[in-house]
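What follows is a predicted protein model with its sequence.
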Amino acid sequence: MQLITLINVTIFQGEWNGIVLFLHTALFVTVLAFYTMTKNEK
């Protein structure tokens with residue numbers, strides 16, 4: 001996630017803030033769902 005933010009700030013001068021925020025949120029929700037599913041299996 002930090003790499004995406006770094007690329008957005010350095011290369012695109014922060015023009016893609018909405019897209020980066022969406023990617024961070026989607027990745028977080030996906031990982032949280034995966035963690036919850038694997039935790040319930042044990």
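Cool, the structure landed. Residues are numbered from 1 along each chain as shown.

can you map out the helices along this protein?
Here the chain has its helices, by DSSP state H, at 2-10, 17-41.

Go through the last one and flag the buried ones.
Of the residues in helix 17-41, those buried by neighbour count under the rule 16 or more other C-beta atoms under 10 Å are Val20. In this view, the C-beta of every residue, glycine as well, is placed from N, C-alpha and C.

now it, how far from the chain's geometric center?
Centre-to-centre, helix 17-41 and its host chain are 7 Å apart (C-alpha atoms, centre = their mean, to the nearest Å).

what angle do that helix and helix 2-10 make?
Between helix 17-41 and helix 2-10, the angle comes out at 180 degrees (axes from the mean of the first three to the mean of the last three C-alpha atoms, to 10 degrees).

now helix 17-41: mean pLDDT?
Regarding helix 17-41, the rounded mean pLDDT is 94.
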